[in-house]
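Undergrad: Sequence and predicted structure, then a few things I'm wondering about:
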Amino acid sequence: TPFGRNGKPDTAALSAALKQSVDLAILVFDNTAIERCVAESGVRFVLVGDRPSKAKTCVGSITYRRDAAAQEFAPILKKQGVRTLMEVGCKDFADAKAAVESVGIKYSSWVIPARNGNLQPEATEFVAMESFSKRLAKGRSWLPDVLYFSDDYTASGALKSLMSAGVRIPDDLRVITWSNRGNGPVFPFPVDYVQLDPREDGRKVAERAMLALKGEHTGVPSSICSAMISNIKER
């Protein structure tokens, strides 16, 4: 679904497509405007994202447990002597807050929203790069031991500014970023990833859809937790 100049999704083509013979739609990464368009069409759908849907035509969901990976990496960071962690994202996810505070690591957050609510990847990346450049120009005392990015495009923009400012990763700063498997920020220094696997999610949806078409009851709740994989290793 393309985004218009106002930063909002243009659902005209989607609306037309939904008027064809569509039995099931899969919405990847929840967007309220796109979800509303599909719900109003009457087509049944599965929502893949950070929350379940309340729409009557939503027949299931794959919900990303963003806090699960933080519970996995927080004890490792504590063992390695990490004292402070800052979470940075385009929305206030607060993925890591509970996990890092539970092990005694000081938590802070920085929300860098794209202008005018424009969450297109390029806009999100640019505003993060600009915001980090301005803050780094005033010094580095605010930098924590670890930066955790809850959005991969925010991470891409921020890492470009950190690299330009001469911040050494991981010598001066550790970085952990949310990422889609096979499509994450790539830089000439070690970056730890919290990954989700869209292909695995697609396999889960396809299996349930085939069972439903055969009239078989799956025996599982409608909300399926998608496992998150942390690449953080003991060093």
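TA: Yep, it's here. Everything quoted here is computed from the prediction, not taken from an experiment. Numbers count the residues shown, from 1 in each chain.
Undergrad: Grab the nearest non-local neighbour of residue 75.
TA: residue 103 (5.7 Å; CB to CB, 6 or more residues apart in numbering). Placement of C-beta: from N, CA and C, glycine included.
Undergrad: Let me see the contact set for that neighbour.
TA: Residue 103 is in contact with 74-75, 77-78, counting by CB atoms under 8 Å, 6 or more residues apart in numbering.
Undergrad: and what of residue 154?
TA: By CB under 8 Å, 6+ apart, the contact set of residue 154 is 88-90, 112, 124-125, 128.
Undergrad: need the helices for the chain, in chain order.
TA: With DSSP state H as the criterion, the chain has helices at 12-18, 32-41, 66-79, 97-102, 121-136, 152-164, 198-213.
Undergrad: If you count contacts, what does the first one end up packed against?
TA: Counting by 3 or more CB pairs under 8 Å, 6 or more residues apart in numbering; DSSP states H and E, the packing neighbours recorded for helix 12-18 are helix 32-41.
Undergrad: contact partners of the helix it packs on?
TA: Contacts of helix 32-41 (CB under 8 Å, 6+ apart): 1, 8-9, 11, 14-15, 18-19, 25, 27, 45, 47, 53, 55-58.
Undergrad: Any of those buried? List them.
TA: Buried members of the contacts of helix 32-41, counted by 16 or more other CB atoms under 10 Å: 8-9, 11, 14, 18, 25, 27, 45, 47, 53, 55, 58.
Undergrad: want to throw these into JSON lines with distance to residue 163?
TA: Output for the buried ones among the contacts of helix 32-41, formatted as JSON lines (distance: CB to CB, whole Å):
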{"residue": "8", "distance to residue 163": "32"}
{"residue": "9", "distance to residue 163": "32"}
{"residue": "11", "distance to residue 163": "37"}
{"residue": "14", "distance to residue 163": "38"}
{"residue": "18", "distance to residue 163": "43"}
{"residue": "25", "distance to residue 163": "40"}
{"residue": "27", "distance to residue 163": "35"}
{"residue": "45", "distance to residue 163": "40"}
{"residue": "47", "distance to residue 163": "36"}
{"residue": "53", "distance to residue 163": "39"}
{"residue": "55", "distance to residue 163": "43"}
{"residue": "58", "distance to residue 163": "42"}
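Undergrad: Lowest-confidence member of those residues, which is it?
TA: Note: of those, the lowest pLDDT belongs to residue 8, at 80.
Undergrad: measure the nearest residue to that residue once chain neighbours are set aside to residue 10 for me?
TA: Distances taken as CB to CB, 6+ apart place residue 33 nearest to residue 8, at 6.1 Å, with adjacent residues excluded. Separation of residue 33 from residue 10 (CB to CB, to the nearest Å): 9 Å.
Undergrad: Tell me the pLDDT of the nearest residue to residue 78 once chain neighbours are set aside.
TA: Nearest non-adjacent residue to residue 78, counting by CB to CB, 6+ apart: residue 103, 4.2 Å away. pLDDT recorded at residue 103 is 97.
Undergrad: any idea how far residue 103 lies from residue 81?
TA: 12 Å.
Undergrad: same deal with residue 90?
TA: In this view, residue 90 and residue 81 are 30 Å apart by CB to CB.
Undergrad: likewise residue 181?
TA: 29 Å.
Undergrad: Just the terminal-to-terminal distance for stretch 100-110.
TA: 16 Å (CA to CA, to the nearest Å).
Undergrad: Now do the contacts for the most centrally placed residue in the chain.
TA: For the chain, residue 151 is the residue whose C-alpha lies nearest the centre (CA atoms, centre = their mean; 4.8 Å). Remark: with contacts taken as CB under 8 Å, 6+ apart, residue 151 is in contact with 89-91, 93, 124, 178.
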